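Novice: A predicted structure for the sequence below; I have some questions about it.
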Amino acid sequence: MIIPIKDGFTISTNKNDLDINVIYNFLHNEAYWSKGIPMTILEDSIQNSICFGVFNGNPQEGNAKQVGFARLITDLATFAYLADVFILPSYRGIGLSKCLVEQIVNYSGIKNVRKIVLATLDAHDLYSKYGFTPVDPERYMEISHPNIYMQK
């Protein structure tokens, strides 16, 4: 599905439209949460998620450049985890992240989920505009390997 968002930018939920090299370069080299991620793991994560590509142009018309990405890990019934959200630095500040998050939280495939969670160090203001609130630390537990992809 292609969703026009603003000023010629679109969001596609079609995995065939994704530019895996753009996604890989950002997540492997720039994102604090996934530095060093191997391509094979990235490919598996995309294959097993609902993905949202942000494009300057329309990828169905062959004139688009991917400028952002996000994915939902979900059972489509009760729970979803929002992950790997980014807009390339040269396209920030024009409202694309707002458009992206708005499309994700209103995505028909997750309209009945009980809980959507995410983790962020620096985008609390963005997500709070779409209903995300801090979690109760007494309820949540985790197993965390934050530097699992970093070379040793």
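Specialist: Arrived safely.
Novice: name the element residue 27 belongs to?
Specialist: Per DSSP states H and E: residue 27 is located in helix 20-29.
Novice: residue 59: neighbour count?
Specialist: As a burial measure, residue 59 scores 21 neighbours (other Cβ atoms under 10 Å). In short, each C-beta sits where N, CA and C put it, glycine included.
Novice: centre of the chain to the helix or strand following the helix holding residue 27, how far?
Specialist: Following helix 20-29 in sequence order, the next helix or strand is helix 39-47 (DSSP H and E). Distance of helix 39-47 from the chain centroid (Cα atoms, centre = their mean, to the nearest Å) equals 13 Å.
Novice: hmm, back to that, buried sites along the helix holding residue 27?
Specialist: For helix 20-29, burial by neighbour count (16 or more other Cβ atoms under 10 Å) applies to 22, 23, 24, 26, 27, 28.
Novice: my read: the third one touches residue 45, true?
Specialist: No. Here residue 24 does not reach residue 45: they are 10.8 Å apart, not a contact under Cβ atoms under 8 Å.
Novice: strands of the chain, residue ranges please.
Specialist: 2-6, 9-12, 50-56, 65-74, 79-87, 115-117 (DSSP state E).
Novice: got CSV for those, with mean pLDDT and mean neighbour count too?
Specialist: CSV is the format used below for those (pLDDT from 0 to 100; neighbours: other Cβ atoms under 10 Å):
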stretch, mean pLDDT, mean neighbour count
strand 2-6, 81, 14
strand 9-12, 94, 22
strand 50-56, 97, 23
strand 65-74, 97, 20
strand 79-87, 96, 20
strand 115-117, 93, 14
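Novice: show me where pLDDT drops low in this protein?
Specialist: Applying pLDDT under 70 to the chain flags the ranges 4, 151-152.
Novice: show me the contacts for residue 29.
Specialist: By Cβ atoms under 8 Å, 6 or more residues apart in numbering, the contact set of residue 29 is residue 35.
Novice: of the strands of the chain, which is nearest residue 143?
Specialist: strand 79-87 (14.2 Å; Cβ to Cβ).
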